[in-house]
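[1] no FASTA, just this:
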C-alpha cells in the first residue's frame, strides 16, 4: 500500500514527527510512505486544510496513493474537506480504538487526525499506536464479531449512495477556483511523487496542464 502524508500550515512543524512515526510502523509491514508535506511552517507552499482535501482527493482518485494520512489542529476541518470529494472516505481518528474500528467498520481510505488538540507528552507514541491499529490488522472485516455482517452490508450501501451523490473528480476540480487548486498542488515534491505514481491518464493530463500555467 502506498500511503501519503499531508500536513496543513498550522501543524506543519510536526511533519517530521508524524512522518517518522508513520514510517517506523508501516514500512516494516511492507507499505510505502510518500511525504507530500508541508515539511516546515516556512514552506513556500502554504496549504490550508481545504487544500489538503483537494490534494488528498487528487492522490486517491488518480491512484497515486492508496491511503491518505492528514489532519489539522482538531482534525475536524481536514476530515470535512477530504469528505467533500468523490473517491474519499475519511474518518476522524484520535486514538488506536478509533483507528481499529474505522478500518474494520467503515473501511475508508483516509484519516484526519488532531495534531494540536490533545497532542502533548507522548504524542508520538499515540501516533505509532494509531498507525499500528490502522494498518496492522487488515481492513473491512467488520466489528464487533456479532455485527460483522450488518456492518459490511452498511458499508456497501454507503458506497452505492456515494456513487449517486458524488460527481467525478475532474468535474469537481473544474468548478473550483484554479488558484486554490494550484496552491494545493504546489508542494516542493508534489510533481516528483505524483507523476511517477499516478495511474489515471486523464487526471495526470489535467494536473500537468494546470501546474504548467
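    Thanks, I have the structure now. Note that the coordinates shown come from a computational prediction; the quantities given were computed from them, not determined experimentally. Numbers count the residues shown, from 1 in each chain.

[2] Residue 170 against residue 203, yeah?
    Yes. With contact defined as CB atoms under 8 Å, residue 170 counts as touching residue 203 (6.5 Å). In short, each C-beta sits where N, CA and C put it, glycine included.

[3] quick one, which of these two is more surrounded?
    Shown here are residue 170 and residue 203; by other CB atoms under 10 Å, residue 203 has more neighbours (21 against 16).

[4] Look up the closest residue to the more buried one, ignoring the ones flanking it.
    The shortest distance from residue 203 to any non-neighbouring residue, by CB to CB, 6 or more residues apart in numbering, is to residue 62 (4.2 Å).

[5] How much space separates the one you found from residue 95?
    31 Å (CB to CB, to the nearest Å).

[6] All the helices of the chain, in order from the start?
    Listed in chain order, the helices of the chain (DSSP state H) span 15-26, 49-62, 76-82, 96-101, 123-135, 148-165, 169-174, 178-184, 190-197, 201-212.

[7] For the longest one, buried residues please.
    I take that to be helix 148-165. Neighbour-count burial for helix 148-165, with 16 or more other CB atoms under 10 Å as criterion, is recorded at 151-152, 155.

[8] May I see those arranged in a markdown table, with distance to residue 2 and pLDDT as well?
    Below are the buried residues of helix 148-165 laid out as a markdown table (distance: CB to CB, whole Å; pLDDT from 0 to 100):
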| residue | distance to residue 2 | pLDDT |
| --- | --- | --- |
| 151 | 26 | 90 |
| 152 | 25 | 90 |
| 155 | 22 | 92 |
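
[9] Looking at these, spot the one nearest residue 52.
    Comparing the buried residues of helix 148-165 against residue 52 with CB to CB places residue 155 closest, at 24.3 Å.

[10] need the contact list for the closest residue to that closest one other than its chain neighbours.
    In space, residue 155 comes closest to residue 107 once its chain neighbours are excluded; the distance is 5.4 Å by CB to CB, 6+ apart. Neighbour list for residue 107: 89, 139-140, 155 [criterion: CB atoms under 8 Å, 6 or more residues apart in numbering].

[11] Closest one of those to residue 7?
    Nearest to residue 7 among the contacts of residue 107, with distances taken as CB to CB, is residue 89, at 20.4 Å.

[12] Please give the number of neighbouring residues around the closest one.
    That count, for residue 89 with other CB under 10 Å as the rule, works out to 18.

[13] Okay, it and residue 112: tell me how far apart.
    For residue 89, the distance to residue 112 - CB to CB - is 11 Å.

[14] Quick check: residue 166 vs residue 88, distance?
    From residue 166 to residue 88 the distance is 9 Å (CB to CB).
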